[in-house]
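Novice: Got a predicted model here, sequence first, then my questions.
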Amino acid sequence: MPDEHVSILQSLGLATLAFAAVVWVLGLVGLVRRGRSGAGLWLTCRTLWFTGRTPLRAFPHQRLAPPHRESVDLTPAERDAFAGLVRQLSGRR
């Protein structure tokens, strides 16, 4: 039996939080299962079926190769300015 000092709102709040935690855990389990087997995730509120081949469609695909390197030819004045900036930031003058 609940404590006599606990209000109905506190009891309802605890029940709501417990229900939300259970729904959250079931959602996570569904996402993990969907990611492993490729099966759909069933949402009970509107009985929608989400099917897809990629487990997390919101994330972009991972690159297989690194991005290409870019290089720019600097003029002698730009090289001198860059060298001066490096000396200034490194503390040497």
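Specialist: Thanks, I have the structure now.

Novice: Can you spell out which helices and strands pack onto the lengthiest helix in the chain?
Specialist: Of all the segments of type helix in the chain, defined by DSSP state H, the longest one is helix 8-37. If contacts are counted by 3 or more C-beta pairs under 8 Å, 6 or more residues apart in numbering; DSSP states H and E, helix 8-37 sits against strand 41-43. Bear in mind the C-beta positions are built from the backbone N, C-alpha and C, glycine included.

Novice: I'd like the average pLDDT over the strand it packs on.
Specialist: Here strand 41-43 scores 46 as its mean pLDDT.

Novice: Equivalent analysis for stretch 65-81, please.
Specialist: The model assigns stretch 65-81 a mean pLDDT of 89.

Novice: again, but for stretch 4-21
Specialist: Per-residue scores along stretch 4-21 average to 92.

Novice: Only C-alpha atoms, please: export it in PDB.
Specialist: Output in PDB follows, covering the C-alpha atoms of stretch 4-21 (Å, rounded to 0.1, in the frame of the first residue of the first chain):
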ATOM      1  CA  GLU A   4      -0.100   8.100   3.100                       C
ATOM      2  CA  HIS A   5       2.000  11.200   2.400                       C
ATOM      3  CA  VAL A   6       2.300  10.600  -1.300                       C
ATOM      4  CA  SER A   7      -0.200  12.600  -3.400                       C
ATOM      5  CA  ILE A   8      -2.200  11.200  -6.300                       C
ATOM      6  CA  LEU A   9      -0.200  13.500  -8.700                       C
ATOM      7  CA  GLN A  10       3.100  12.100  -7.500                       C
ATOM      8  CA  SER A  11       1.700   8.500  -8.000                       C
ATOM      9  CA  LEU A  12       0.500   9.400 -11.400                       C
ATOM     10  CA  GLY A  13       3.800  11.000 -12.300                       C
ATOM     11  CA  LEU A  14       5.700   7.900 -11.200                       C
ATOM     12  CA  ALA A  15       3.400   5.700 -13.200                       C
ATOM     13  CA  THR A  16       3.800   8.000 -16.300                       C
ATOM     14  CA  LEU A  17       7.600   7.900 -16.000                       C
ATOM     15  CA  ALA A  18       7.600   4.100 -15.600                       C
ATOM     16  CA  PHE A  19       5.300   3.800 -18.700                       C
ATOM     17  CA  ALA A  20       7.500   6.100 -20.700                       C
ATOM     18  CA  ALA A  21      10.600   4.200 -19.700                       C
END
